[in-house]
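[1] Give me the fold of what follows.
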Amino acid sequence: MVFFTFARNRGGQRARRWIAFAALAAAVLLPWALPLAAQGSALDKILSEKIMQVCIWPDYYGITYRNPKTQQLSGIDIDLAREFAKDLGVQLQFVDSSFVQLIDDVSQSRCDVAMFAIGITEARAKRLRFTQPHLRSDIYAITTRFNRRIRSWDDIDKPGVVVAVAKGTYHEPVMREKLKAATLVAPDTPFAREQEVESGRADVFMTDYPYSQRMLAMSDWARLITPPKTYHLTSYAYAVRPGDDRWHARVEAFMRDIKRDGRLLAAARQHRLTPIVVAE
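    Residues are numbered from 1 along each chain as shown. Predicted structure coming up:
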């Protein structure tokens, strides 16, 4: 009888320990298991804390560019981020990101929204939620004024030609699929693709309309190669974490507002991006 009572008590103690452990585990894990809507929207946090954190790539000329001399930010999405913060009645904090870091930065809430003309790709759409597009660009090539091998677009995909792209950009998977004869390289350090071409280690680098304008404006060695017909159009938009419907709806509403009231077109004119605006 004594043995039975002891065993029963010991079993009860084990049961109580397991219940306590399960309760602790639930307290720790439950917030991660709940959908974002149940945890509260980023919109609530922004309005409560009176600050919106926006991811940018500070090397993106015409979009979100930081002048290395003055450290001042400029570009269409810098202007529009300021407009968005003004609409919300909050302060604005820019968070440096890149196309390599983009998905991690957004999904780990290092910023509330990424606003640096992010190309909508199938791979990114699996991890991010996009707004409707505000820009759309084809792919362009930059070579040097002295490169005799590359005279036209048709000279690019030839044996012996080296094509550079920035690692993490949508140009990387597109060019891997399209190039049949040329060699593709994808350096991942800032300005590496430009250095590859300027040094002669690569013949061309592939980019979009905004960045091609930077090269023409700021480099005396650069020469633009334009495709003779549409090569690969990509739409650009803003991105947020999936699952937060209220916040996505608010960012989407802002995008509709700036198209309707003219702020998008005005910012595009300011930064010479009118040819790639998606106005509707």
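[2] mind listing the helices in the stretch 101-250 of the chain by residue range?
    Using DSSP state H, counting those that start in this stretch, the helices of the stretch 101-250 of the chain run over 102-107, 122-125, 171-178, 192-199, 209-218, 245-261.
[3] Which residue lies nearest the spatial centre of the protein?
    The residue lying closest to the centre of the chain (Cα atoms, centre = their mean) is residue 118, at 4.3 Å.
[4] which stretches of the stretch 101-250 of the chain form strands?
    With DSSP state E, counting those that start in this stretch as the criterion, the stretch 101-250 of the chain has strands at 113-119, 129-130, 135-137, 140-144, 162-164, 183-185, 204-207, 222-225, 234-240.
[5] Can you add mean pLDDT, distance to residue 96 and mean neighbour count and give the helices of the stretch 101-250 of the chain back as JSON lines?
    Bear in mind the C-beta positions are built from the backbone N, C-alpha and C, glycine included. Below are the helices of the stretch 101-250 of the chain laid out as JSON lines (pLDDT from 0 to 100; distance: least, Cβ to Cβ, whole Å; neighbours: other Cβ atoms under 10 Å):
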{"stretch": "helix 102-107", "mean pLDDT": "97", "distance to residue 96": "9", "mean neighbour count": "18"}
{"stretch": "helix 122-125", "mean pLDDT": "95", "distance to residue 96": "19", "mean neighbour count": "12"}
{"stretch": "helix 171-178", "mean pLDDT": "96", "distance to residue 96": "21", "mean neighbour count": "17"}
{"stretch": "helix 192-199", "mean pLDDT": "93", "distance to residue 96": "18", "mean neighbour count": "19"}
{"stretch": "helix 209-218", "mean pLDDT": "92", "distance to residue 96": "17", "mean neighbour count": "18"}
{"stretch": "helix 245-261", "mean pLDDT": "98", "distance to residue 96": "20", "mean neighbour count": "16"}
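[6] Quick one: closest of those helices to residue 142.
    Evaluated over the helices of the stretch 101-250 of the chain, closeness to residue 142 peaks at helix 209-218, with 5.1 Å, by Cβ to Cβ.
[7] residues in contact with the closest one?
    With Cβ atoms under 8 Å, 6 or more residues apart in numbering as the contact definition, helix 209-218 has outside contacts at 60-63, 65, 117, 137-138, 140, 142, 194, 207, 222, 224, 271-273, 275-276.
[8] export the strands of the stretch 101-250 of the chain to JSON lines and tack on distance to residue 56 and mean pLDDT?
    What follows is those, written out as JSON lines (distance: least, Cβ to Cβ, whole Å; pLDDT from 0 to 100):
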{"stretch": "strand 113-119", "distance to residue 56": "5", "mean pLDDT": "98"}
{"stretch": "strand 129-130", "distance to residue 56": "16", "mean pLDDT": "98"}
{"stretch": "strand 135-137", "distance to residue 56": "15", "mean pLDDT": "98"}
{"stretch": "strand 140-144", "distance to residue 56": "22", "mean pLDDT": "98"}
{"stretch": "strand 162-164", "distance to residue 56": "23", "mean pLDDT": "98"}
{"stretch": "strand 183-185", "distance to residue 56": "26", "mean pLDDT": "98"}
{"stretch": "strand 204-207", "distance to residue 56": "18", "mean pLDDT": "97"}
{"stretch": "strand 222-225", "distance to residue 56": "24", "mean pLDDT": "97"}
{"stretch": "strand 234-240", "distance to residue 56": "11", "mean pLDDT": "98"}
